[in-house]
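K.L.:
3D model of this:
(one chain, ligands or ions: 1)
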Amino acid sequence: LGCFTYDPGFIATSSCKSKITYIDGENGILLYRGYPIEQLAEHCEFTEVAYLLMNGELPNQTELRDFNEEISDRAIIHESLRKFFDGFHYDAHPMSMLVGVVGSLSAFYHSELNIKDSTHRKVCAARLIGKMPTIAAASYRHSVGRPFVYPRIDLSYCENFLNMMFSRSSQNYIDQDHYIDPYLVKALNLLFILHADHEQNASTSTVRLAGSTGANPYACIAAGIAALWGPAHGGANEAVLTMLAQIGSADNVPKFIAKAKDHDDPFRLMGFGHRVYKNFDPRATIIRKTCHDVLARTQKSDPLFDLALALEEQALNDDYFIEKKLYPNVDFYSGIIYKALNIPVDMFTVMFAIARTAGWVAHWLEMMEEPAPPIGRPRQLYIGPARRDFLPKGQRS
Ligand code: CMC
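P.N.:
The predicted structure is shown next:
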């Protein structure tokens, strides 16, 4: 019935050529534009990495200053867009607001957009990176019934986000009287860098597929956000905390490991396993250490962290997980750091989306630079009925 390769999860299909991110799953190597993730995580600010992903080279001082200024200038959202939030139910999931509001940016900027013009495309990319923290923080503020906080141009990307999240009406979260421990800002910056890109994952592939039709970039990124939401992808960081709460105590770990191994039980260890990494996820190695440091710094002893360590140790020594090469992935520990930063659990995937926007726009820009990007149009193996003739209603069994 068909003469095409059947590859339902795109396990053996390269959908594009890309110069952005390199992954060696066997050896746990991740490079952005050739630079090891460990070096970028240690030395860079997030916007520097976003610039690298978009432009192919690290910015010099002037380029970074100009880029940061552009991102800050574009952080403000239109007052009418801000009012969109009033239409959402008070307990709407922040991801549902993010999908809707980012998609609606098309309604504000689409008419002036010429996606064939590379300058226009770069403006769109910077606009999305700039506005994403503002929209994300507004989603949170709406869900807890607090007034919107405007972005500030005197703060760094991560500081500005934290200020918009946590300012009270009477005081800034960050100013000369109230400042946030720079180490915690650095931890957030690190998480954003680690999540910034990961080549053709489900959400990035979705952005490329939508973009291949010539759809506007705001709609494409909204499609990526929708794909990210699921627990097998970006929703895993939220699912890890839900799972740890469900496990409750170290005594219950063996029971849940047994459930994860039982093929008749749909339960999986969230934050474990990866399609590409089969020995270790280099991002998880960095995050695990940062998690220890952040908890020490905040002097928070989190029982969920101790439980995560117990779960990790038992799973890594279990034959099932060893044979199937299932290791903690980036999301196993990221949620615990977010929790230590007071980010609510239902915002975890939103945090991932803020960071991944850099990768999504970089891939969209790369695709749009091709002279004639083909429309993404996979085929299928048809397994339905063979040709048959129509029967009037009265003759159907
Ligand atoms: N717990 C228990 N068993 C697992 C798990 C797990 N977390 N992950 C995979 N397996 C088993 C699976 O049951 C299958 O067994 P069998 O071969 O006997 O049928 C085998 O390992 C291979 O699994 P798969 O689903 O075919 O592997 P995949 O490469 O298609 O899936 C994955 C990768 C990440 C979707 C999967 O490992 C998973 O569901 N993990 C939990 C969710 C998660 O943590 N997702 C975040 C991924 S990293 C962040 C991101 O990039 O989005």
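
K.L.:
check contacts around the residue in the chain that the ligand sits nearest to.
P.N.:
Scanning the chain for proximity to the ligand using Cβ to the nearest ligand atom identifies residue 273 as nearest, at 2.3 Å. Where you see a C-beta, it was placed from the backbone N, CA and C, and this is true even at glycine. Contact analysis of residue 273 by Cβ atoms under 8 Å, 6 or more residues apart in numbering lists 324, 326-327, 329.

K.L.:
if we use 10 Å, what do you get?
P.N.:
232, 236, 260, 281, 321, 324-329 (Cβ atoms under 10 Å, 6 or more residues apart in numbering).

K.L.:
what does residue 231 give?
P.N.:
Residue 231 neighbours (Cβ under 10 Å, 6+ apart): 237-240, 242-243, 268, 270, 331, 349.

K.L.:
phi, psi for the residue of the chain closest to the ligand please.
P.N.:
Reported as degrees, to the nearest 10, the phi and psi values for residue 273 are phi 90, psi 150.

K.L.:
also residue 26?
P.N.:
Dihedral angles (degrees, to the nearest 10) for residue 26: phi -70, psi -40.

K.L.:
that one reaches residue 274, doesn't it?
P.N.:
No - Residue 26 is not in contact with residue 274 according to Cβ atoms under 10 Å; the separation is 11.9 Å.

K.L.:
give me the more crowded residue out of those two.
P.N.:
residue 274 (22 against 11; other Cβ atoms under 10 Å).

K.L.:
which element is the more buried one on?
P.N.:
Using DSSP states H and E, no element contains residue 274; it sits outside every helix and strand.

K.L.:
my read is that it contacts residue 30, right?
P.N.:
No - contact criterion Cβ under 10 Å: residue 274 and residue 30 do not qualify, at 11.2 Å.

K.L.:
hey, what's in contact with both of those two?
P.N.:
23, 198, 281, 283, 330.

K.L.:
what's the closest of those residues to residue 384?
P.N.:
Closest approach between the shared contacts of residue 274 and residue 30 and residue 384, by Cβ to Cβ: residue 198, at 34.9 Å.

K.L.:
okay, buried residues for stretch 269-283 please.
P.N.:
Counting neighbours by 16 or more other Cβ atoms under 10 Å, one finds that the buried residues in stretch 269-283 are 269-274, 276-278, 280-283.

K.L.:
in CSV: those residues, plus pLDDT.
P.N.:
Shown next, in CSV, are the buried residues of stretch 269-283 (pLDDT from 0 to 100):
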residue, pLDDT
269, 95
270, 93
271, 92
272, 93
273, 93
274, 92
276, 91
277, 92
278, 88
280, 89
281, 92
282, 95
283, 95
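
K.L.:
what are the neighbouring residues in contact with residue 347?
P.N.:
93-95, 98, 136-137, 139-140, 143, 165, 237-238, 338, 353-354.

K.L.:
quick one on the thing from earlier: any idea how far the residue of the chain closest to the ligand is from residue 315?
P.N.:
Taking Cβ to Cβ, to the nearest Å as the measure, residue 273 falls 10 Å from residue 315.

K.L.:
intersection of neighbour lists for those two?
P.N.:
Common neighbours of residue 273 and residue 315 (Cβ under 10 Å, 6+ apart) are 260, 321, 326-328.

K.L.:
which of these fall in helices?
P.N.:
260, 321 (DSSP state H).

K.L.:
check the shared contacts of residue 273 and residue 315 one by one and keep those near the ligand.
P.N.:
The subset of the shared contacts of residue 273 and residue 315 within reach of the ligand, by Cβ under 6 Å from any ligand atom, is 260, 326.

K.L.:
by neighbours, which of the shared contacts of residue 273 and residue 315 wins?
P.N.:
That'd be residue 328 among the shared contacts of residue 273 and residue 315, by other Cβ under 10 Å, with 26 neighbours.

K.L.:
verify the contact between that residue and residue 285 for me.
P.N.:
Yes - Residue 328 lies in contact with residue 285 (Cβ under 10 Å); the separation is 9.0 Å.

K.L.:
remind me which residues of this structure are low pLDDT?
P.N.:
With pLDDT under 70 as the threshold, the chain has low-confidence stretches at 1-2, 169-179.

K.L.:
any of the contacts of residue 231 buried? List them.
P.N.:
Judged by 16+ other Cβ under 10 Å, buried ones among these: 237-240, 243, 268, 270, 331, 349.

K.L.:
farthest pair within the residues you listed?
P.N.:
268 and 349 (17.1 Å).

K.L.:
for stretch 207-220, buried residues please.
P.N.:
Result for stretch 207-220 [16+ other Cβ under 10 Å]: buried residues 207-212, 215-220.

K.L.:
now, which of those lie within helices?
P.N.:
207-211, 217-220.

K.L.:
all helices for the stretch 151-300 of the chain, in order.
P.N.:
Counting by DSSP state H, counting those that start in this stretch, one finds helices in the stretch 151-300 of the chain at the ranges 157-166, 182-195, 202-211, 217-228, 236-247, 253-261, 282-298.

K.L.:
can I get the last one in PDB? Just the C-alpha atoms.
P.N.:
Right, the one you point to is helix 282-298. The C-alpha trace of helix 282-298 is given here as PDB (Å, rounded to 0.1, in the frame of the first residue of the first chain):
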ATOM      1  CA  PRO A 282      25.300  16.400  29.700                       C
ATOM      2  CA  ARG A 283      22.700  19.000  30.700                       C
ATOM      3  CA  ALA A 284      21.600  16.800  33.600                       C
ATOM      4  CA  THR A 285      25.200  16.500  34.800                       C
ATOM      5  CA  ILE A 286      25.500  20.300  35.100                       C
ATOM      6  CA  ILE A 287      22.000  20.700  36.600                       C
ATOM      7  CA  ARG A 288      22.500  18.100  39.200                       C
ATOM      8  CA  LYS A 289      25.500  20.000  40.600                       C
ATOM      9  CA  THR A 290      23.700  23.400  40.400                       C
ATOM     10  CA  CYS A 291      20.800  21.800  42.200                       C
ATOM     11  CA  HIS A 292      23.100  21.000  45.200                       C
ATOM     12  CA  ASP A 293      24.600  24.500  45.100                       C
ATOM     13  CA  VAL A 294      21.300  26.300  44.900                       C
ATOM     14  CA  LEU A 295      19.800  24.400  47.800                       C
ATOM     15  CA  ALA A 296      23.000  25.000  49.900                       C
ATOM     16  CA  ARG A 297      22.900  28.700  48.900                       C
ATOM     17  CA  THR A 298      19.200  29.100  49.800                       C
END
